[in-house]
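> What shape does this take:
(one chain, ligands or ions: 1)
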Amino acid sequence: MIIIQYTKITRPDPSSASGSYEDHLLSKDTLLCCDKFREYSKKFPSWDYEKGRFTIVDEITYEGHSQTQIDFCPFCGEKLKYQEIKLKTKRNKS
Ligand SMILES: [Zn+2]
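Numbers count the residues shown, from 1 in each chain. Okay, the predicted model is just below:
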């Protein structure tokens, strides 16, 4: 099992009804389970910023394509566990 860590960031979005949207940033320290998955992620960015999950292309249509979330590595079968890292709200970076 590998642990995929991400942070959730709420960003302002004046065009949406709620006035904000959520962005899920994949931790840079995340090590994928196998070379094949690493190569695949380079060629086809598979991190879904909206969902905070890895996805693979599920279906390709004329309008575009749909993505499906994965809980296992499609190459080696390793279980992917998603974990949110809570950001500290107050940060003094001076
Ligand atoms: Zn793998």
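> Low-confidence ranges, this protein, go.
89-94 (pLDDT under 70).
> what does it put close to the ion?
Proximity of the chain to the ion is confined to Cys33, Cys34, Phe37, Cys73, Phe75, Cys76, Glu78 under the rule Cβ under 5 Å from the ion. Just so you know, the C-beta spots here come from the backbone N, C-alpha and C atoms, and that holds for glycine as well.
> Grab the nearest non-local neighbour of the fifth one.
Right, the one you point to is Phe75. Lys36 (3.9 Å; Cβ to Cβ, 6 or more residues apart in numbering).
> Just say helix, strand or coil for the one you found.
Here Lys36 takes the helix state, with states given by DSSP: H, G, I helix; E, B strand; the rest coil.
> is it true that it touches Glu78?
No. Counting by Cβ atoms under 8 Å, Lys36 does not reach Glu78; the two are 10.8 Å apart.
> re the thing from before, of the residues of the chain next to the ion, which is the most crowded?
Phe37 (20 neighbours; other Cβ atoms under 10 Å).
> Hmm, Pro74 and that one touching each other?
Yes. Shown here, Phe37 and Pro74 form a contact pair, counting by Cβ under 8 Å, at 7.4 Å.
> how about the longest strand along the chain: buried residues?
The strand spanning the most residues in the chain, taking DSSP state E as the definition, is strand 2-12. Buried residues in strand 2-12, counted by 16 or more other Cβ atoms under 10 Å: Ile4, Tyr6.
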